[in-house]
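>>> next input, structure requested:
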Amino acid sequence: MDDAAPTTVLIADDHDLFAESLSAFLSTERGIEVVGRAANGEEALRLAEEVDPDVILMDISMPVMDGFDAARSIRGTHPNMCILFLTGSNAPTDIAAARDAGGSGYVTKDRIASELVDAIRAAASLRG
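Now for the predicted structure:
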């Protein structure tokens, strides 16, 4: 298992401090490598193309292009790319919108410490 390629992750979130903290948290996890950070949906599209991550952690609400539109665009050109939505909202309408946009999962920001790593590994296993 030590020779296995790491699961690569792109973080798309417009809150810089949160994105930095998330990147630092994930850097402590064996087998996970953060390969990029985007501050808006357009940057997420560009970086998804450039770095081809296994999993994108996508915030819902970002400037320029929101996470739902970015996810739909990414999934349109990369149907096997896994997108986990990260948000402070647990509203049923947001969860449904995430699913409709092609999300592989949904983790609220208050559950990151307890659920995120498992969700990333589960999503990456779906990429095929």
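>>> CA atoms for contacts and neighbours, from now on please.
Will do.
>>> name the SS class of residue 62, please.
coil (DSSP: H, G, I helix; E, B strand; the rest coil).
>>> and the helix or strand residue 123 falls within, which residues are buried?
Assessed by DSSP states H and E, residue 123 sits inside helix 112-127. For helix 112-127, the neighbour count (16 or more other Cα atoms under 10 Å) marks 112, 116, 119-120, 123-124 as buried.
>>> can you tell me what sits against it?
Helix 112-127 has contacts (Cα atoms under 8 Å, 6 or more residues apart in numbering) with 7, 26, 29, 54-55, 80-84, 104-105, 107.
>>> spatially central residue for the chain, please.
Among the residues of the chain, the one closest to the centroid is residue 57, at 1.3 Å (Cα atoms, centre = their mean).
>>> was I right to think that residue contacts residue 71?
No - taking contacts as Cα atoms under 8 Å, residue 57 lies outside contact range of residue 71: 10.2 Å.
>>> find residues that contact each of these two.
In contact with both residue 57 and residue 71: residue 83, using Cα under 8 Å, 6+ apart.
>>> can you tell me the element residue 103 falls in?
Here residue 103 is assigned to no helix or strand, by DSSP H and E.
>>> now it, nearest residue through space, not along the chain?
Using Cα to Cα, 6 or more residues apart in numbering and skipping the chain neighbours, the partner closest in space to residue 103 is residue 83 (5.0 Å).
>>> list the residues that contact that neighbour.
55-58, 71, 102-105, 123.
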